[in-house]
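Undergrad: prediction below, plus the sequence it came from.
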Protein chains: 2
Amino acid sequence: MSAQIETPAKTGPSEDEVLRQIEQAVLDHRLPPGTKLKEVQLATLFGVKRGLIRKVLTRLAHSRLVDQTPNRGASVAKPSVKEGQDLFATRRIIESAILETLITQIDSKIIRHLRKLLEREQRAYQRGDSETALALSVDFHRQLAALAGNSVLDEYLNDIIRRTPLVILTHLGDDEQNRCRNQEHAAIIDALEQGDVKKAVKVMQQHLLHIENKIQHKPETRQADLATLLRPQSEQTLA
Amino acid sequence: MSAQIETPAKTGPSEDEVLRQIEQAVLDHRLPPGTKLKEVQLATLFGVKRGLIRKVLTRLAHSRLVDQTPNRGASVAKPSVKEGQDLFATRRIIESAILETLITQIDSKIIRHLRKLLEREQRAYQRGDSETALALSVDFHRQLAALAGNSVLDEYLNDIIRRTPLVILTHLGDDEQNRCRNQEHAAIIDALEQGDVKKAVKVMQQHLLHIENKIQHKPETRQADLATLLRPQSEQTLA
DNA sequence: TACTAAAATATTGTTAACAATTTAATAATC
DNA sequence: GATTATTAAATTGTTAACAATATTTTAGTA
């Protein structure tokens, strides 16, 4: 392989790409709540200008993933207990509505699609790949929202999903116990297949309450290394 | 009073103030969908720098109140029929959930507060002040959301409320017929007072469906210019 | 006139330099 | 040593100048 002498004017990632990568890092628990997001550091890390980062941070703050204080910069948001409770309560409402919307258009193809996703999730879990398992369990909820076909509900659920890790890490800690149990995902698929919405909704409610009920007072939080952002790009395999 | 010779370095409105004013203008039907939002024009209008406006437009686009196309600037969003339907369907879900949350904490004080608001709305309507009437009827829904006490539900309802005029003006037109009927607001208060959530929810559903059902195929005032039609594949921002 | 091409204008996008502020480091005082 | 001042460094915030692109106007041609 030949050495590259001249720097080839590498064009960095776009604004949306940077945004997505930071969102993904939060989702993957690589960026814990409270992490300071310094502009020059991010700019060099992503290979973009500071102005780009600045704009992205503004957008992230607008959707409450980031806290911005004048003259003191941005950091990954740390939702209050109240906000966490409200978020989960709303999540139950939205996810129930998604199931009720989805049931009207369930067919065997959708069921197969969901089972396939679930299978991958289970396999990842069984082989101890908890990182992939987490991503796939998030995907399960996302797929339900997308399949329901209501773009606004989809939008809102995705907003909630992005903010959920912040609540869990702030108030519960990064523990296997605080994640989706995939046998409940299985039960939801079963109920959908049977056309039993009420049951599907009930399981979903319990599924979410399982975590929600734990939200009380916080344990600890530490500052994370921004360089973890360089590691990532683990392709979140999405069908 | 002495004449002021020197220009006193008037400090313009803040970023948030500019944002709110534009949002309010949309809410008041003063800024119809499709209106071009030119940066310098807005900057001089508000007495701020262009950079400020630029940031505000980014935020407005992030919450789908504004459409932004690279190199062609921003304009007030024109939601599609599909988006309009999804928005209204979601609104029914959210407002119902708000009523169900609110009912657990209803007391005579809240009822009095709502009736007072309703009275002002009715008076404004009766004296032909349709601008105030519109604002107050919006306030009715907003107050319900605020009183329910779930900050995320509140956030989402406000998001929907801000986007609703865009749907109505794009697909129905600025007509008295396409507004809240305040006798239905009255019926909702009555049901809440009686502690009858089911009835309150039912009235709310009808209330919203009254407008929602009209959304069909657009009377489309859009003058299709050839340049836009010939432009290859506008990038669809996927949620 | 109707159409095309070219120039002029207007508008958005980007950048680097600088200002303002906060944070960290060092020195001074008790 | 602990606490407060003082200085230095780092970080965020702002701006004006310029570049890139789009739009309008004008001129040219059949």
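TA: The structure has been received and is ready for your questions. All figures in this text were calculated on a predicted structure; none of them were measured in a lab.

Undergrad: count the neighbours of the closest residue to A:Leu52 other than its chain neighbours for me.
TA: Take A:Leu52 and drop its neighbours on the chain: the residue closest to it by CB to CB, 6 or more residues apart in numbering or on different chains is A:Glu15, 5.8 Å away. For glycine as for every other residue, the C-beta is placed from the backbone atoms N, C-alpha and C. Applying other CB atoms under 10 Å in any protein chain shown, we find 15 residues neighbouring A:Glu15.

Undergrad: same deal with A:Gly12?
TA: 12.

Undergrad: try the one 10 residues further on
TA: Using other CB under 10 Å, the number of residues around A:Ile22 comes to 24.

Undergrad: now swap in A:Arg163 and tell me
TA: If we define neighbours as other CB under 10 Å, then A:Arg163 has 22 of them.

Undergrad: same question for A:Gln183.
TA: Neighbourhood size, A:Gln183 [other CB under 10 Å]: 10.

Undergrad: from chain B, how far out is it?
TA: Using CB to the nearest CB, to the nearest Å, A:Gln183 is found at 28 Å from chain B.

Undergrad: how close does that residue sit to DNA strand D?
TA: 44 Å (CB to the nearest atom of the strand, to the nearest Å).

Undergrad: isn't there a helix covering that residue?
TA: Yes. Assigned with DSSP: H, G, I helix; E, B strand; the rest coil, A:Gln183 falls within a helix.

Undergrad: contact partners for it?
TA: Contacts for A:Gln183 (CB atoms under 8 Å, 6 or more residues apart in numbering or on different chains) come out as none.

Undergrad: A:Gln206 versus that one, what's the distance?
TA: 12 Å (CB to CB, to the nearest Å).

Undergrad: cool, A:Leu65 as well?
TA: Relative to A:Gln206, and taking CB to CB, A:Leu65 is found at 28 Å.

Undergrad: between those two, which has more neighbouring residues?
TA: Between A:Leu65 and A:Gln206, A:Leu65 has the larger neighbour count (other CB under 10 Å), namely 25 against 13.

Undergrad: for A:Gly195, see how far away the more buried one is.
TA: Taking CB to CB, one finds A:Leu65 at 37 Å from A:Gly195.

Undergrad: domain ranges for chain A?
TA: Domain ranges of chain A: A:15-77, A:81-212, per automatic domain parsing.

Undergrad: so can I have JSON lines of the ones you listed showing mean pLDDT and distance to B:Arg123?
TA: Shown next, in JSON lines, are the domains of chain A (pLDDT from 0 to 100; distance: least, CB to CB, whole Å):
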{"stretch": "domain A:15-77", "mean pLDDT": "94", "distance to B:Arg123": "37"}
{"stretch": "domain A:81-212", "mean pLDDT": "93", "distance to B:Arg123": "34"}
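
Undergrad: as CSV, those with distance to B:Leu118 would be great.
TA: Below are the domains of chain A laid out as CSV (distance: least, CB to CB, whole Å):
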stretch, distance to B:Leu118
domain A:15-77, 32
domain A:81-212, 26
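
Undergrad: for B:Lys49, which of those is the nearest?
TA: domain A:15-77 (14.5 Å; CB to CB).

Undergrad: in contact with A:Ile53, which residues?
TA: If a contact means CB under 8 Å, 6+ apart, then A:Ile53 has A:Val18, A:Glu39, A:Leu42, A:Ala43, A:Phe46 as its contacts.

Undergrad: residues near the last one, how many?
TA: Okay, so that is A:Phe46. When neighbours are counted by other CB under 10 Å, A:Phe46 registers 19.

Undergrad: pretty sure it contacts A:Leu19?
TA: No. In this structure, A:Phe46 is not within contact of A:Leu19 by CB atoms under 8 Å, at 10.6 Å.

Undergrad: get me the contact residues on chain A for DNA strand C.
TA: A:Lys49, A:Gly51, A:Leu52, A:Asn71, A:Arg72 (CB under 7 Å from any atom of the strand).
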